[in-house]
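**Student:** dropping a prediction and its sequence here:
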2 protein chains.
Amino acid sequence: MKSVSTFAEKLQAATQNNKSLLCVGLDVDAQLAPPHLLERDDWIVEFNRGIVEATHDLVCAYKPNVAFYEAYGAQGMRALKATLELIPDEIPVIADAKRGDIGNTASAYASAMFDHYGFHAVTVNPYLGRDSLEPFLERDDRGIIILCKTSNPGSSDFQDVLCQYEDRTIPLWELVAERVVEWNTRGNCGLVVGATYPAILERVRGIADDLPILIPGIGPQAGDLQGAVRAGAPRQDSLAIVNAARQVIYASRGDDWKQAARQAALDLRRDINDARPAFAELR
Amino acid sequence: MKSVSTFAEKLQAATQNNKSLLCVGLDVDAQLAPPHLLERDDWIVEFNRGIVEATHDLVCAYKPNVAFYEAYGAQGMRALKATLELIPDEIPVIADAKRGDIGNTASAYASAMFDHYGFHAVTVNPYLGRDSLEPFLERDDRGIIILCKTSNPGSSDFQDVLCQYEDRTIPLWELVAERVVEWNTRGNCGLVVGATYPAILERVRGIADDLPILIPGIGPQAGDLQGAVRAGAPRQDSLAIVNAARQVIYASRGDDWKQAARQAALDLRRDINDARPAFAELR
């Protein structure tokens, strides 16, 4: 009987096989996709098929952001399900959903993401507390990636607020990281920390030594990609998921859109690996 | 030309016309719905149609929790759209989505909820900060109802943590309430505070005098419904939205399910109004 692999095992295998920390964000957008595709009713699926064909040997994961599919209503949700089916089995797929709700509602979200769509991991929001995450946490074969310090400037509004916790004063993001490490009794938790805050990434990596860290916010504006990679993935076996969406999938809107996406993924994988001594052979 | 009414105006009108603070949560669940309905492909819409027919003159709002529709995939999302279309124009409909994301993703969520589905208001999560809420806040005709203190026990994990803010030490829920009052420049914000914490409801009402407060968590376990109502709606013109889902919509699974839902809504409206001197005529 084939054993079910966990999200972390699947992520580790894809990371090693493809020598890559790059996650491609499948954030569909009719305004940015190649115009000639839009004539088709199933353009979302065909676009994703092209991106996956062009990049599946270069990534450690794919991450559709569910919002972009919801914006297309039922058609979008059908396309999301079809997208999950066309991604090769060996690549984990993360639902970027940032869900957070309670009781039977949280159970419904977990069921939607893991059972209906078949995602291997999902991003969730910690604001409602541990019991809100329990329907996700109890799924020990799936990954639960909890928002800690997000990449946007407004993340300072609440995430950076200094909190009193057990005789110490620490920012909320640090408290979230500490609590998630406590809650990780099934070994299925991860954290989100934006590439825009390399010093916080380094600190969170210190608190959550062996958790996968999903790192959004790289791109032209982010500056020090390699600094973020070194902070988030200091060891050869560190699990880090460095997400890029638009700069890969919309690298070109012309007939060369697949080749352009592949080249962008190759370039990013190289730039990320340049910060990682363990993958020196790819330099 | 007919002027567009804001969410608060719509809520105020429905509250006055129906003499009700009761919001019915349209949380569809095949395990709890009348079994004879389930034979139909469109059972979700037919169930909601029955509940709306039975209760539309007794409520100030409806609140579908999006998770329950997502759990049924594309079929569920079609049913959600059809449900919006069958609710009378004069009753505002709140998407309980608890969304929170950044930049163009937040814009996609706002577009999905307000434009594709046509919701009048949406619940959102504050953890990502003000800029994450901006695509919602800029919609001045829609309501943005921000999680403050949720009804679940785990809300204490982060929402109750004491924060240092401008020389004061206040719980995170209080900081959220204060910041939302600052951010309410377009008059379209509201807050979520659970009925399970009447003292916090009273304090939030003091901070956010004229904001709508969405109050979930009533029901057999919650205890003091009237205490929560007095705290959340101390004045005749206080905007409070007291949500009940299962105890109304699943009051019976038999042939009398519509009548049972109506009776449950009548009973709850009366119990809520018993705490409100302004609605004494309904006692």
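**Tutor:** Right, received. Where do you want to start? Since we're looking at a predicted model, the values are computed, not measured. Numbers count the residues shown, from 1 in each chain, chains lettered A, B, ... in the order given.
**Student:** hang on, residue A:80 packs against residue A:64?
**Tutor:** Yes. Counting by Cβ atoms under 8 Å, residue A:80 does reach residue A:64; the two are 6.2 Å apart. (C-beta placed from N, C-alpha, C; glycine too.)
**Student:** report the secondary structure state of the closest residue to residue A:225 other than its chain neighbours.
**Tutor:** Once flanking residues are discounted, residue A:225 sits nearest to residue A:218: 5.2 Å by Cβ to Cβ, 6 or more residues apart in numbering or on different chains. Under DSSP: H, G, I helix; E, B strand; the rest coil, residue A:218 falls in the coil class.
**Student:** what distance do you get for residue A:218 to chain B?
**Tutor:** Counting by Cβ to the nearest Cβ, to the nearest Å, the gap from residue A:218 to chain B is 14 Å.
**Student:** number of nearby residues for that residue?
**Tutor:** Residues lying near residue A:218 (other Cβ atoms under 10 Å in any protein chain shown) number 25.
**Student:** which ones are touching it?
**Tutor:** By Cβ atoms under 8 Å, 6 or more residues apart in numbering or on different chains, the contact list for residue A:218 reads A:195, A:225, A:228, A:242, A:243, A:244, A:268.
**Student:** among the residues you listed, which one sits closest to chain B?
**Tutor:** residue A:243 (12.0 Å; Cβ to the nearest Cβ).
**Student:** burial of residue A:206, as a residue count?
**Tutor:** Residue A:206, neighbours per other Cβ under 10 Å, totals 11.
**Student:** assign it to helix, strand or coil.
**Tutor:** helix.
**Student:** please verify my assumption that residue A:50 contacts residue A:258.
**Tutor:** Yes. Shown here, residue A:50 and residue A:258 form a contact pair, counting by Cβ under 8 Å, at 4.8 Å.
**Student:** show me where the stretch 51-200 of chain A has helices.
**Tutor:** A:66-70, A:73-86, A:103-110, A:130-137, A:156-159, A:172-183, A:198-207 (DSSP state H, counting those that start in this stretch).
**Student:** would you list the ones you listed in CSV and tack on mean pLDDT?
**Tutor:** CSV is the format used below for the helices of the stretch 51-200 of chain A (pLDDT from 0 to 100):
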stretch, mean pLDDT
helix A:66-70, 89
helix A:73-86, 93
helix A:103-110, 87
helix A:130-137, 96
helix A:156-159, 98
helix A:172-183, 98
helix A:198-207, 97
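**Student:** out of those, which is closest to residue A:9?
**Tutor:** Comparison of the helices of the stretch 51-200 of chain A against residue A:9 by Cβ to Cβ identifies helix A:130-137 as nearest, at 17.5 Å.
**Student:** give me the contacts around the closest one.
**Tutor:** Residues contacting helix A:130-137 (Cβ under 8 Å, 6+ apart): A:100-103, A:106-107, A:109-110, A:122, A:124, A:126, A:142, A:144, A:146, A:179, A:183, A:186, A:188-189, B:150, B:152-154, B:157.
**Student:** please repeat the previous calculation with a cut-off of 7 Å.
**Tutor:** A:100-102, A:106-107, A:110, A:122, A:124, A:144, A:183, A:186, A:188, B:152-154, B:157 (Cβ atoms under 7 Å, 6 or more residues apart in numbering or on different chains).
**Student:** closest to residue A:16 out of those?
**Tutor:** residue A:188 (19.5 Å).
**Student:** quick one: low-confidence parts of the stretch 101-250 of chain A?
**Tutor:** A:220-223 (pLDDT under 70).
**Student:** for it, what lies in contact range of chain B?
**Tutor:** A:101-103, A:105, A:108-109, A:111-112, A:116, A:125-132, A:147, A:150, A:152-159, A:161-165, A:169, A:172, A:175, A:179 (Cβ under 7 Å from any Cβ of the partner chain).
**Student:** and residue A:122, how many residues sit next to it?
**Tutor:** By other Cβ under 10 Å, neighbour count at residue A:122 equals 26.
**Student:** hmm, I typed the wrong one, I wanted residue A:170.
**Tutor:** Neighbour tally, residue A:170, other Cβ under 10 Å: 17.
**Student:** that one reaches residue A:160, doesn't it?
**Tutor:** No. Contact criterion Cβ atoms under 7 Å: residue A:170 and residue A:160 do not qualify, at 10.6 Å.
**Student:** common neighbours of the two, please.
**Tutor:** Common neighbours of residue A:170 and residue A:160 (Cβ under 7 Å, 6+ apart) do not exist.
**Student:** ok, residue A:76 - contacts?
**Tutor:** A:44, A:69, A:70.
**Student:** ok, of the residues you listed, which one's closest to chain B?
**Tutor:** Using Cβ to the nearest Cβ, these come closest to chain B at residue A:70, 4.3 Å.
**Student:** can you pull the buried residues of stretch A:204-219?
**Tutor:** Buried residues in stretch A:204-219, counted by 16 or more other Cβ atoms under 10 Å in any protein chain shown: A:204, A:205, A:208, A:211, A:212, A:213, A:214, A:215, A:216, A:217, A:218, A:219.
**Student:** what about it, start to end distance?
**Tutor:** Taking Cα to Cα, to the nearest Å, stretch A:204-219 runs 21 Å from one end to the other.
**Student:** again with stretch A:99-114
**Tutor:** 13 Å.
**Student:** run the chain-centre distance for that stretch.
**Tutor:** Relative to its chain's centre, stretch A:99-114 lies at 18 Å (Cα atoms, centre = their mean, to the nearest Å).
**Student:** buried set for it?
**Tutor:** A:99-102, A:104-114.
**Student:** from residue B:64, how far out is residue A:192?
**Tutor:** Distance, residue A:192 to residue B:64, by Cβ to Cβ, to the nearest Å: 28 Å.
**Student:** show me where chain A has its strands.
**Tutor:** A:22-25, A:61-63, A:94-99, A:121-124, A:143-149, A:162-165, A:168-171, A:189-193, A:213-215, A:240-244 (DSSP state E).
**Student:** is residue A:65 in a bridge, and if so with what?
**Tutor:** Note on residue A:65: beta-bridge partners residue A:96, judged by DSSP bridges.
**Student:** got it, and residue A:123?
**Tutor:** Those that pair with residue A:123 in a beta bridge, by DSSP bridges, are residue A:145.
**Student:** ok, how many other residues are close to it?
**Tutor:** By other Cβ under 10 Å, neighbour count at residue A:123 equals 26.
**Student:** just checking, it touches residue A:97?
**Tutor:** Yes. If you go by Cβ under 7 Å, residue A:123 and residue A:97 touch, sitting 5.9 Å apart.
**Student:** dump the residue contacts of residue A:179.
**Tutor:** Shown in contact with residue A:179 (Cβ under 7 Å, 6+ apart): residue B:157.
**Student:** just residue A:165 next, same as before
**Tutor:** With Cβ under 7 Å, 6+ apart, residue A:165 has these contacts: A:175, B:161.
**Student:** any idea how far it is from residue B:238?
**Tutor:** Residue A:165 is 35 Å from residue B:238, by Cβ to Cβ.
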